[in-house]
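> sequence? don't have it. structure:
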């Protein structure tokens with residue numbers, strides 16, 4: 001039985017010049033994790049390989065955000081966004097992620113690749129954390145998991161639409177406004 005990790009409320013950081021890099025198969029199981037990923041997440045590489053990438057999912061993250069990510073990359077497009085992850089210790093760390101599908105010579109998606117950078121703190125505190133908290137609140141107002149994700153996804157898409165930009169454009173608009 002897997003051990004349930006409890007969030008500590010303590011944030012950890014990684015150097016701004018470093019990248020967290022991982023690769024997954026089509027089901028989201030980790031096939032590669034660089035040293036920075038292993039270090040910040042608190043796992044040895046062999047503990048991560050074969051595990052679902054959700055091993056680092058923080059419970060503060062709305063599931064709707066991950067639905068948006070999976071829908072986008074499964075359609076063959078890249079996506080950028082902010083993610084709050086949880087280390088093995090229960091500490092959390094924020095990243096600005098770029099997730100992209102990897103293709104074979106025939107144009108089929110064969111894997112996914114993600115690079116994560118140290119995010120701008122002002123964007124997290126002033127825009128992303130409040131947005132994600134609201135989407136999570138919407139999700140938590142539904143007892144049924146599928147309805148929760150649908151309602152959260154609608155809240156997220158409605159917010160992005162109200163800004164009259166795409167999700168990626170919003171993420172970069174926030175980045176350039178900081």
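Noted; the coordinates are in hand. All values derive from a computational prediction rather than experimental measurement. Residues are numbered from 1 along each chain as shown.
> check which residues of stretch 56-75 are buried.
Neighbour counts using 16 or more other Cβ atoms under 10 Å place 56-58, 61-66, 68-69, 72-73 of stretch 56-75 among the buried residues. Heads up, the C-betas are built off the backbone N, CA and C, glycines and all.
> out of those, list just those in helices.
Counting by DSSP state H, the part of these found in helices is 63, 64, 65, 66, 68, 69, 72, 73.
> turn the residues you listed into a markdown table, columns for distance to residue 45 and pLDDT.
Shown next, in a markdown table, are those (distance: Cβ to Cβ, whole Å; pLDDT from 0 to 100):
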| residue | distance to residue 45 | pLDDT |
| --- | --- | --- |
| 63 | 27 | 96 |
| 64 | 30 | 96 |
| 65 | 26 | 96 |
| 66 | 23 | 96 |
| 68 | 28 | 96 |
| 69 | 23 | 96 |
| 72 | 27 | 96 |
| 73 | 23 | 97 |
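> which parts of the helix or strand of the chain with the lowest mean pLDDT are buried?
Within the chain, confidence by mean pLDDT, DSSP states H and E is lowest for helix 167-177 among all helices and strands, at a mean of 79. Using 16+ other Cβ under 10 Å as the test for burial, helix 167-177 gives 167, 168, 170, 171, 174.
> so how far is the helix ranked longest in the chain off the chain centroid?
Under DSSP H, the helix in the chain containing the largest number of residues is helix 145-162. Centroid separation between helix 145-162 and its chain, computed with Cα atoms, centre = their mean, to the nearest Å, is 16 Å.
> report the angle between that helix and helix 167-177.
Orientation check (axes from the mean of the first three to the mean of the last three Cα atoms, to 10 degrees): helix 145-162 against helix 167-177 gives 60 degrees.
> quick one: average pLDDT of helix 145-162?
If you average the pLDDT over helix 145-162, you get 95.
> for it, which outside residues touch it?
For helix 145-162, contacts defined as Cβ atoms under 8 Å, 6 or more residues apart in numbering pick out 62-65, 67-68, 131, 134-136, 138-142, 166-167, 170.
> poorly predicted segments of the protein, please.
Within the chain, the stretches with pLDDT under 70 are 1-3, 175-178.
> so the most far-flung residue of it relative to its centre versus residue 52, what's the distance?
For the chain, the residue at maximal distance from the C-alpha centroid (Cα atoms, centre = their mean) is residue 106, at 28.2 Å. Between residue 106 and residue 52 the computed distance is 27 Å (Cβ to Cβ, to the nearest Å).
> what's the burial count for residue 36?
16 (other Cβ atoms under 10 Å).
> my error: substitute residue 92 in the last question.
For residue 92, the number of neighbouring residues by other Cβ under 10 Å comes to 20.
> ok, back up a step: what's the angle between the least confident helix or strand of the chain and helix 63-74?
Orientation check (the same axes, to 10 degrees): helix 167-177 against helix 63-74 gives 110 degrees.
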